Each structure stands twice: as C-alpha cells, then as structure tokens.
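Enquirer: no sequence for this one, just the structure:
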C-alpha cells in the first residue's frame, strides 16, 4: 500500500480535530465498533513517513474490517472506506444544519402554538358568552305566548291597522277636498288681489286728483278768506246802516195772542204788548201777564209777509224782571211757534238785570208773518210791556 498517495494522505491527516472526530464517529457507525476502541486502534498503529505524514499500518484494515489477518487488507479498501466516511461526514454536517433549522422552526411553531392557544382561549370565552346568550334566548322563547295568543294579538293589530288605513283614507279624501277648496280659495284670492291692485291704482289716481283738488280747495279757501273779510266788512257796514236806518214798527195794532191770561188783577191781555206804549210799569196798564204755567208764550200776526230786521222787547221795570229769563224770540211763516227761526239769543239774567229793553236781531232777508216770545222749558209768568217788530213788506 502506498502510504504517500494523496487520497490516503487526506484520509490519514485530518485537517482539524472536529474532522477527526467526525471520521471516528462515521467509522464507529459503519463498523458498529465502540468509538473509543476504534480511535485508540488508529492512534496506536500509526507510523511516520518520509514526508512527515501519518500512515496507518496495514493491520488496521484487518482490525477495522474484522479480519483475523492482514493479508486480505489492502489500501484501496481503506481508501474506499475513507471516501465513504467522508460522504457520511458531509451528510452528518448537513444533518446538523438541518437540525439547527429544525430547532428554529420548532421555536417558531412553539410561538405560533402559544398564539393559537391565546386565540383558542378567546374563542372559548366567546363561545361561552354565546352559550349564555343562547340560554337567555331560550328562556325568552319559553316565556313567549302560545300561538293562539299571538294569533289573537296579530288579529287585533291587523284590525287596528285596518282601522288606521280607513282613517287615513278618510283623512286623505278630506285633505283632497280641502286642497280643492284651497285651490279655489287661492284662485279667488288671486282674483281679489288683482281687484285690489286695480283699486289701488284707482286710489292712486284719485289721490293724484284729490291732490289737485286740494290745491284748488286751498286756493278757494284763500279766496273765501278774502271774501269772508269782505263780508265782515260789509256786515260792519250793514250794522252801521242799521244803526243809522230805522225801520217802522209793523206790529202796532196787529192781532196778538197769548197762552193764558192772568185775571186776578187788572186785565193784562196780549194786545197791551202792541199798543205802541213802552211804559214798563204795571201801573201804566200797558203790560201783559199770563198764568204761572209751563212754556208760556205770546204771538203777534203781522197779517202780511215781511222782512224783519229786529225785534225789540220792553221788560217790566218796577218788579219781577227775572221772569223774562229763558225767553226765546222766533220769526217765520208758520203759526206753529217752534217751526220758525230764532232771532238773537235766549234771554239771560245778565240782560234782565241791566236793561229794560232787549234787542233780538233776526237773520238777514228772512221772510215771515208771525213773531213770538216764549219761555221755552220754563215754568213761570210771562210779562211783556211792549214788543216792537221793525221791518218792511217783502
């Protein structure tokens, strides 16, 4: 056997103790020998070659191959053995890597198992809660009414629904009727609004016209004011003329009448007031006197239509002048006293206390035939000492 062949050298000179150890393990595995015995046999039967490499004696083959002699042992067999051992060592090393990878995968699987365990615990809790909920539902189902009760309740509900539907249909019909009425009312309102618009336009036009008329009225008022001033001036002139002019007394000797006659003393008939005598004393036998009654009156008939300017009444001076307070003088064409116009104003106590003669101015251009003196609304005697009617024939 050539102890210096490259393959033999590679075999008998392991590069490191780990390679040697793997060689011994492989050899022990293949030969089913104790690792320690094989290693000791290898170490005890080595010899040194000329190049410094180790070479094992040929009897090692016999020992390893379990032969009794070394004649059948040759180096090629050892080389084959070494080759096989190297292949086994490579496979062992690969197996070691795989074992390492398997350990990592085992750790990963353990972690996943732990995670899966947590998920399983959560699922168990959820399942437990679901079971409790299922039990609660079963309990509620047990408490539900039977089919007959439910059917009755559903029938009642259906009746209520039918009633509600009927009411809804009625209300809907009513609302449709109201909508129709509202539509009609809206049409009427629209028409009314148009009329109102037209009326507003007319009012605006009339307002414009009224504005113009108001201007005219304002101008007329200014003109009327000027005319009133002229009338006032003319009235002043007429008053002056009246004071200057003296119309004749057209009542002297005309028929006179009174409401009653006082008979318990000297006769004092109605004619005493138109006898032309202004004596204001009772002793002069020229005054009239009625009974003490309500609304006593005196009247003269002028027998023709006259335009009267004024009436002058002479009151009693010696006594009882206040009896004439409240007297009213009227002039007109009616024999009914209250139908005629009033001359002047009602006699006051101020007038009777200061003057014996009281003047009553009648309205200008008033035509009439009858002149009267009456205590309107009074309950007293009526005494007149003279009544003068100044005017002219109409």
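Expert: Cool, the structure landed. Since this is a predicted model, take the numbers as computed values, not measurements.
Enquirer: could you point out where the stretch 101-250 of the chain is predicted with low confidence?
Expert: Applying pLDDT under 70 to the stretch 101-250 of the chain flags the ranges 141, 144-147, 150, 236-245.
Enquirer: please enumerate the helices of it.
Expert: In the stretch 101-250 of the chain, the segments counted as helices under DSSP state H, counting those that start in this stretch are 147-244.
Enquirer: the stretch 251-394 of the chain now?
Expert: Using DSSP H, counting those that start in this stretch, helices in the stretch 251-394 of the chain cover 349-354.
Enquirer: so where's it uncertain?
Expert: Looking at the stretch 251-394 of the chain by pLDDT under 70, you get an empty list.
Enquirer: how about the strands of it, start to end?
Expert: Secondary structure of the stretch 251-394 of the chain by DSSP state E, counting those that start in this stretch: the strands cover 256-258, 293-294, 297-314, 327-332, 341-343, 357-361, 367-375, 379-380, 386-393.
Enquirer: columns mean neighbour count and distance to residue 208 on top of those, output as CSV?
Expert: (Glycine included, C-beta is placed from N, CA and C.) Listed next are the strands of the stretch 251-394 of the chain as CSV, based on neighbours: other CB atoms under 10 Å; distance: least, CB to CB, whole Å:
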stretch, mean neighbour count, distance to residue 208
strand 256-258, 21, 62
strand 293-294, 12, 60
strand 297-314, 19, 48
strand 327-332, 24, 47
strand 341-343, 19, 43
strand 357-361, 18, 47
strand 367-375, 22, 46
strand 379-380, 15, 61
strand 386-393, 20, 52
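Enquirer: take the ones you listed and lay them out in TSV including distance to residue 143.
Expert: Conversion of the strands of the stretch 251-394 of the chain to TSV gives the following (distance: least, CB to CB, whole Å):
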stretch	distance to residue 143
strand 256-258	118
strand 293-294	105
strand 297-314	112
strand 327-332	108
strand 341-343	107
strand 357-361	114
strand 367-375	109
strand 379-380	106
strand 386-393	121
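Enquirer: and the nearest residue to residue 262 once chain neighbours are set aside, how many neighbours?
Expert: In space, and not counting its chain neighbours, residue 262 is closest to residue 289: 4.1 Å by CB to CB, 6 or more residues apart in numbering. Look at residue 289: counted by other CB atoms under 10 Å, it has 26 neighbours.
Enquirer: and what of residue 98?
Expert: Counted with other CB under 10 Å, residue 98 comes out at 10.
Enquirer: what about it, which SS state?
Expert: Following DSSP: H, G, I helix; E, B strand; the rest coil, residue 98 is assigned to helix.
Enquirer: distance of it from residue 89?
Expert: 15 Å (CB to CB, to the nearest Å).
Enquirer: what does residue 273 give?
Expert: From residue 273 to residue 89 the distance is 184 Å (CB to CB).
Enquirer: please apply the same query to residue 203.
Expert: 128 Å.
Enquirer: among the strands of the stretch 251-394 of the chain, which is nearest residue 109?
Expert: Smallest distance to residue 109 across these (CB to CB): 139.2 Å, for strand 341-343.
Enquirer: helices or strands up against that closest one?
Expert: Counting contacts by 3 or more CB pairs under 8 Å, 6 or more residues apart in numbering; DSSP states H and E, strand 341-343 is packed against strand 297-314, strand 327-332.
Enquirer: and residue 321, how far is that from residue 282?
Expert: 12 Å.
Enquirer: also residue 303?
Expert: 29 Å.
Enquirer: got it, and residue 214?
Expert: On the measure of CB to CB, residue 214 and residue 282 end up 63 Å apart.
Enquirer: which of the two has more neighbours?
Expert: residue 282 (19 against 12).
Enquirer: how is the chain divided into domains?
Expert: As assigned by automatic domain parsing, the chain contains the domains 6-108, 154-245, 256-393.
Enquirer: endpoints of the longest one, how far apart?
Expert: Okay, so that is domain 256-393. Domain 256-393 has its terminal residues 19 Å apart, counting by CA to CA, to the nearest Å.
Enquirer: for the remainder of this discussion, apply numbering that starts at 4.
Expert: Shifting the count to begin at 4 puts that one at domain 259-396.
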